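S.K.: Let's see this in three dimensions:
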Amino acid sequence: MLLFALEKWPCMLLINLWPYALRTANEVANSTPTTKGNPSPLEKFSGVPVQPKLRNFHTFGCPTYVLQDKLQAGQSLPKWQSRARLGIYLGPSPSHARSVSLGLNPRTGHVSPQFHIKHDDFVETVTGKPTNYDSPPPTWKVLSQLVQGPPVARGKTLPSHVTHTSRATGNLSAPQPPVLEVANEPLPDLPDLKGASQVAQQAPPEPEPAPESAPNPLKRTTQSGRVVRPTERYTEGWEQCQQGLVAWEVLVDQDDSKDIPTASQQFQLQESMADPLAFATSSDPDVMYLHEALRAPDRRQFLEAMDVEIQSHVKGKHWIVVPRTEVPKGIRILDAVWSMRRKHRLDTQEIYKWKAQLNVHGGQQEQGVNYWETYAPVVMWPTIRIFFILSILLGWYSRQLDFVMAFPHAPVEVPLFMTIPKGYRLKDASPQAHVLRLLKNIYGQKQCPRVWNRYLDKGLQELGFSTSAIDPCLYYGNQVMMLVYIDDSLLFSPSKEAIDAVVLSLRNSHQRFNVDDQGEVKDFLGIKIRKQTDGSIMLTQPHLIDSILQDLQLQTNSQVRETPALSTIILHKDEKGKPMDQQTNFHYRSVIGKLNFLEKSTRPDISYAVHQCARFSESPKESHAKAIKLIGRYLLRTPDKGIVLQPDGSKSFECWADADFSGNWRQQTAHKDPMTPKSRSGWIITFAGCPITWASKLQTLTALSTTEAEYIALSTALREQIHLMELVKEIQAHGIKVTCAPPKVFCKAFEDNSGALEMARLPKLRPHTKHLNVSYHHFREYVDRKEIEVLAVPTTEQNADVLTKPLDSTRFLALRQRLLGW
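M.R.: Sure, this is the predicted structure:
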């Protein structure tokens, strides 16, 4: 296929593109059935029938036309400007769906996955001559040093090539390995570590001064003196000729990477097909790369944190140093990556810890080679809230534990090798000749959380804990209940001595867990937990709200609102509206992500408004940005508020379910927007009168009446309710007296639609509802056993009304008081 492409388009291609052609041929072979009626190799390997789609296969090296970046971002272009740019097809993307193609941009040399692309499979739109403006001369061959030629202007300096050290075969039984040590000599003011064999990522060199602009050689003057200027398309083709292509190194092109994940070294002889770096830069200024931390004012604290991290690994014997020659053939040596972070106290925002974490470059791992499964469970937030409620009702004690360097407690799942960390040297050895063979589960691996979870689960069971059948991260011990969220843990018990005994047993167990006892629970997973004078507990997130307000550029003196959404406006796509300018305004998706975390954790009062705004994250308009600002102004009025847990022991579970039938209907867009007729479900579940879980979401099934919409909302809510009822039954089975009346776990589901009540109580076939999926009738047996009672409630008393539609301030404040206690 490469020879065919060279024959069709010789001026653009070169035989050195064989790695891409080889991978494409391999993909075609794996997707093609061997003989008629037999499965393909891919189907045999995966055990899943995968039918190849011919429309996803294209001619290797054929011309492609990619939608311009501004149009992909929802922006507009001048009328006569080309809507697409020329590219070269290099096969399917290995990191995306099969319909996504890898394209080589002739203008920048950037190889990236493209979603909006058309293929010229018969190579009919270009010619093989280099004079064609759609086919710029192959100057990329010179830039990649594959052929000799005059220097070509590139517009930017290319990074240096990465040299890969050859690896030989050998066994792993090495003699006494050398020791990784820290250079403890005085540190200079420059961003490096004195005495280190490798300098930690230096600051990028100063950019060279831009050359003086040269006259455009494409402009010419006629005999009459008229200046003839070339068209924009012709100029673009000429610029492509001057810039050329780079196939052996990938340049970061800002225009092409707006909506596409950036990969490091996209083209490095088949080894460059890795995911993006595991610890990429984020919008959080306290999370940074190593070279950024070394340029920061608190550089010395980061260097000290790096020393502490290295010494912890050395003391824990998390690795051994082996010669590179002893790395088995075919085993890839993974890079060591530093992740730097400042940690703040939630109350005062004071920096109390500088953290330097050494990680393995998980993006270089290959599934099926050095990792398999990656899923690791965490404790559910409804479970956490239930145990806080029980601690108030029963007068339990609570304790928070942190497993220090949790993941390296567990041994590695498969043999892994890592390079020497930057900034440190080997005693009596060379980083170029030695690597680290990992013995423990170092951070950064794709399977790292799963390996730790299984190791912790085994250790707790050896200490006498039993795992919950409902929540896999809930453990029952001798008078102690333990809730685990990765490396953070909560202990609840009626006895302080029982908690102390558990902490001591963890430290003295066979696994020797390194546990930091942080005392009574005050802050957990970014949520402030404060006990009030009346015995209640308040859950708040003031730090997250402050971060949202900063993103929205709202000051303390800005205008505030009593409700998070206008009661007279329902948001829609606003296709004719002005696109939101995220350069000068705020990053829409980032703020939505923070608001979603806030809503799911402590603020059910903003659920409806946040979910409505989140629907338009793909292409936000100015109207959607204003709606986000309204939520911000509401939070500015209530920054220190959250959920108040003040349980009533006389109550059990209560489930409030409501629906807004076709509340988003718009006749103008109904013919092209399938979400317009969808109804919205809203439900909130309380235990002992305190909210423990809630949701506001569009229904997946299009309801044909208010009865159907209400019944679907009730059924969806009771799915979550039944799960929590089984959890409390399990708690009772372990001898914990849940002081709720009646003694059996009981749920009252409140519904304000008579038709939905009739369907829930009397299961019979009805002409107007027989099309409903059987899955929506799952709770009827609980109704028959009298474990769930469906009751009528007036619409004015429906607590879930706040989750289905925007309300006026009077009704909104009344429902907020009933649900949140303020």
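
S.K.: Only C-alpha atoms from now on, for both contacts and neighbour counts.
M.R.: Fine.

S.K.: How about Y455, nearest residue that isn't a chain neighbour?
M.R.: Computed as C-alpha to C-alpha, 6 or more residues apart in numbering, the closest residue to Y455 that is not its neighbour in sequence is A410, at 5.9 Å.

S.K.: Over to P620?
M.R.: M580 is the one closest to P620 (C-alpha to C-alpha, 6+ apart), at 5.8 Å.

S.K.: Could you count how many residues lie near the one you found?
M.R.: Look at M580: counted by other C-alpha atoms under 10 Å, it has 21 neighbours.

S.K.: what are the ranges of the helices in the stretch 451-600 of the chain?
M.R.: Taking DSSP state H, counting those that start in this stretch as the test, the helices found in the stretch 451-600 of the chain are 496-508, 542-551, 588-601.

S.K.: out of these, nearest to L636?
M.R.: helix 542-551 (7.2 Å; C-alpha to C-alpha).

S.K.: who's in contact with that closest one?
M.R.: Outside helix 542-551, the residues that touch it by C-alpha atoms under 8 Å, 6 or more residues apart in numbering are 346-347, 555, 586-587, 591, 594-595, 598, 632, 635-636, 639-641.

S.K.: E575: what's it in contact with?
M.R.: Per C-alpha under 8 Å, 6+ apart, neighbours of E575: none.

S.K.: per-residue confidence for it?
M.R.: Per-residue pLDDT puts E575 at 79.

S.K.: State the distance from it to F616.
M.R.: Distance, E575 to F616, using C-alpha to C-alpha, to the nearest Å: 11 Å.

S.K.: so what's the residue nearest to P620 scoring on pLDDT?
M.R.: Predicted confidence (pLDDT) for M580: 84.

S.K.: The one 10 residues further on too?
M.R.: Residue-level confidence at S590 comes out at 87, pLDDT.

S.K.: now do F388
M.R.: 92.

S.K.: Tally up the residues packed near it, please.
M.R.: F388: 20 surrounding residues under other C-alpha under 10 Å.

S.K.: what's the answer for L571, then?
M.R.: By the criterion of other C-alpha under 10 Å, L571 has 16 neighbours.

S.K.: Looking at stretch 478-495 now, give me its mean pLDDT.
M.R.: When pLDDT is averaged along stretch 478-495, the result is 90.

S.K.: Now do the buried residues in it.
M.R.: When neighbours are counted by 16 or more other C-alpha atoms under 10 Å, the buried residues of stretch 478-495 are found to be 480-494.

S.K.: Stretch 13-31 now?
M.R.: Within stretch 13-31, the residues that count as buried by 16+ other C-alpha under 10 Å are 13-14, 17, 19-21, 23-25, 27, 30-31.

S.K.: ok, now stretch 389-398?
M.R.: Across stretch 389-398, burial judged by 16+ other C-alpha under 10 Å covers 389-393, 396-398.

S.K.: could you say what helices and strands whichever strand or helix holds F45 packs with?
M.R.: Assessed by DSSP states H and E, F45 sits inside helix 41-46. Applying 3 or more C-alpha pairs under 8 Å, 6 or more residues apart in numbering; DSSP states H and E, one finds that helix 41-46 contacts helix 18-31.

S.K.: residues making contact with the helix it packs on?
M.R.: Residues from elsewhere that reach helix 18-31, judged by C-alpha under 8 Å, 6+ apart: 1-2, 40-43, 51-52, 57, 60, 90-92, 269-270.

S.K.: Now list the buried members of these.
M.R.: Taking 16+ other C-alpha under 10 Å as the criterion, what is buried in those is 2, 40, 42-43, 52, 57, 60, 90-92.

S.K.: Need the residues you listed in a markdown table (columns: pLDDT and distance to A688).
M.R.: Shown next, in a markdown table, are these (pLDDT from 0 to 100; distance: C-alpha to C-alpha, whole Å):
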| residue | pLDDT | distance to A688 |
| --- | --- | --- |
| L2 | 84 | 70 |
| S40 | 85 | 57 |
| L42 | 83 | 53 |
| E43 | 83 | 52 |
| P52 | 77 | 54 |
| F57 | 89 | 59 |
| F60 | 92 | 65 |
| L90 | 90 | 61 |
| G91 | 92 | 59 |
| P92 | 91 | 55 |
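
S.K.: before we move on, back to that, quick one: the residue nearest to P620 from R615, how far?
M.R.: Using C-alpha to C-alpha, M580 is found at 15 Å from R615.

S.K.: so V484 touches V379, yeah?
M.R.: Yes: using C-alpha atoms under 8 Å, V484 is in contact with V379, at 5.8 Å.

S.K.: Mutual contacts of these two, please.
M.R.: Overlap of the contact sets of V484 and V379 (by C-alpha under 8 Å, 6+ apart) consists of 473-474.

S.K.: what about the stretch 301-450 of the chain, any weak spots by pLDDT?
M.R.: For the stretch 301-450 of the chain, the stretches flagged by pLDDT under 70 are 346-348.

S.K.: Let me see the ranges of the helices in it.
M.R.: Taking DSSP H, counting those that start in this stretch to define them, one finds helices in the stretch 301-450 of the chain at 381-394, 448-462.

S.K.: Name the residues that touch the shortest one?
M.R.: The contact list for helix 381-394, computed with C-alpha under 8 Å, 6+ apart, reads 396-398, 471, 483, 492, 494, 535-536, 601, 645-647, 649, 687-688, 690, 692-693, 738-739.

S.K.: Looking at the contacts of helix 18-31, which are in helices?
M.R.: Counting by DSSP state H, the contacts of helix 18-31 place 2, 41-43 in helices.

S.K.: would you turn those into a markdown table with distance to V314?
M.R.: Output for those, formatted as a markdown table (distance: C-alpha to C-alpha, whole Å):
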| residue | distance to V314 |
| --- | --- |
| L2 | 50 |
| P41 | 45 |
| L42 | 43 |
| E43 | 45 |
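
S.K.: lowest-pLDDT helix or strand in this protein?
M.R.: strand 180-181 (a mean of 48; mean pLDDT, DSSP states H and E).

S.K.: want to try TSV for the buried ones among the contacts of helix 18-31, with distance to I731 as columns?
M.R.: Listed next are the buried ones among the contacts of helix 18-31 as TSV, based on distance: C-alpha to C-alpha, whole Å:
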residue	distance to I731
L2	65
S40	50
L42	46
E43	45
P52	50
F57	55
F60	61
L90	58
G91	55
P92	51
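
S.K.: Out of the residues you listed, which is nearest to Q721?
M.R.: In terms of C-alpha to C-alpha, no member of the buried ones among the contacts of helix 18-31 lies closer to Q721 than E43, at 39.5 Å.

S.K.: Do I have it right that that closest one meets V50?
M.R.: Yes: counting by C-alpha under 8 Å, E43 touches V50, with 5.8 Å between them.

S.K.: Contacts only, for the residue nearest to G464 when sequence neighbours are not counted.
M.R.: Excluding the flanking residues, the one nearest G464 by C-alpha to C-alpha, 6+ apart is G477, at 6.3 Å. Shown in contact with G477 (C-alpha under 8 Å, 6+ apart): 464-466.

S.K.: again with V379
M.R.: 471-474, 483-485.

S.K.: what would those residues look like in JSON lines with distance to Y455?
M.R.: Output for the contacts of V379, formatted as JSON lines (distance: C-alpha to C-alpha, whole Å):
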{"residue": "D471", "distance to Y455": "17"}
{"residue": "P472", "distance to Y455": "14"}
{"residue": "C473", "distance to Y455": "13"}
{"residue": "L474", "distance to Y455": "15"}
{"residue": "L483", "distance to Y455": "16"}
{"residue": "V484", "distance to Y455": "13"}
{"residue": "Y485", "distance to Y455": "14"}
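
S.K.: quick one: which two of those residues are the most distant?
M.R.: D471 and Y485 (11.5 Å).

S.K.: roughly how far apart are the most centrally placed residue in the chain and H611?
M.R.: Nearest to the geometric centre of the chain sits G593, at 10.0 Å (C-alpha atoms, centre = their mean). According to C-alpha to C-alpha, G593 and H611 sit 11 Å apart.

S.K.: Over to Y371?
M.R.: Applying C-alpha to C-alpha, the value for Y371 to H611 is 36 Å.

S.K.: quick one, which of these two is more surrounded?
M.R.: H611 (19 against 16).
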